[in-house]
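In: here is a sequence with its predicted model. Questions after.
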Amino acid sequence: LAKTTQPISMDSYEGQEVNITCSHNNIATNDYITWYQQFPSQGPRFIIQGYKTKVTNEVASLFIPADRKSSTLSLPRVSLSDTAVYYCLVDTGYSSASKIIFGSGTRLSIRP
Amino acid sequence: DSGVTQTPKHLITATGQRVTLRCSPRSGDLSVYWYQQSLDQGLQFLIQYYNGEERAKGNILERFSAQQFPDLHSELNLSSLELGDSALYFCASSVSPTSGGPNEQFFGPGTRLTVL
């Protein structure tokens, strides 16, 4: 099973770029890597998803090295509203025995 | 608004009791997932259904069960409740039968269960 490991917490300041790394050493060939954002007492919200190299959307970038054993979520120019918990998800989704494993999450705190 | 609805929003009950949590997926989504989130903890995957059939199983206790009905709504049944079952229970839905691949899960607002 692809277990994920993330830093428990990170602090940054408004306007800075924040990079959160997730380790997934046992990632399988068909696994995608997905990042979610969660605010207190709310359901997680999809941020970005990728398989390899780099993916960019309007809110974030996702960097995945060639060995795919880790991934880095990059949030450009963060604001106070980016304070949340960020989860990395790797899923062996192509088997009836698939397991869905969210990381423990990284609590990101943004200061003025 | 993700389009996923969950009822009730809050539920308070006593140890030993049984409760049912309900989830309606987004229109067109065939997959439903259930997660448990204890206080200040991460998300624990419980179970997934796709078009009425069980698709994947996580660390779901034997006291818990779920099903997905023909209209695609799902129910999570929790029985013989213990204090430790107090948590937020989230339902999510997706189009695909797999949460891997180019796919995303849309989460509902959750049901907060308190067992006294």
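Out: Sure, I can see it.

In: which positions in chain B make contact with chain A?
Out: B:2, B:4, B:33, B:35, B:42-45, B:48, B:55-56, B:58, B:88, B:90, B:92, B:96, B:98-110, B:112 (C-beta under 8 Å from any C-beta of the partner chain). In short, each C-beta sits where N, CA and C put it, glycine included.

In: next, count neighbours for the residue nearest to A:Thr56 when sequence neighbours are not counted.
Out: Closest residue to A:Thr56 apart from its sequence neighbours, by C-beta to C-beta, 6 or more residues apart in numbering or on different chains: A:Leu62 at 7.6 Å. By the measure other C-beta atoms under 10 Å in any protein chain shown, the count of residues near A:Leu62 is 24.

In: quick one: contacts for A:Leu62?
Out: Counting by C-beta atoms under 8 Å, 6 or more residues apart in numbering or on different chains, A:Leu62 makes contact with A:33, A:35, A:48-50, A:54-56, A:71-74.

In: next: B:Leu83.
Out: B:Leu83 makes contact with B:15, B:115-116, according to C-beta under 8 Å, 6+ apart.

In: try it again at 6 Å.
Out: Residues in contact with B:Leu83, defined by C-beta atoms under 6 Å, 6 or more residues apart in numbering or on different chains, are B:Val115.

In: packing partners of the helix or strand bottoming out on mean pLDDT in chain A?
Out: The least trusted helix or strand in chain A, going by mean pLDDT, DSSP states H and E, turns out to be strand A:100-102, with a mean of 75. Other helices and strands packing on strand A:100-102, by 3 or more C-beta pairs under 6 Å, 6 or more residues apart in numbering or on different chains; DSSP states H and E, are strand A:84-91.

In: hmm, the strand it packs on in reach of chain B?
Out: Yes: judged by C-beta under 6 Å from any C-beta of the partner chain, strand A:84-91 comes into contact with chain B through A:Asp91.

In: repeat that for stretch A:30-42.
Out: Yes: using C-beta under 6 Å from any C-beta, stretch A:30-42 comes into contact with chain B via A:31-32.
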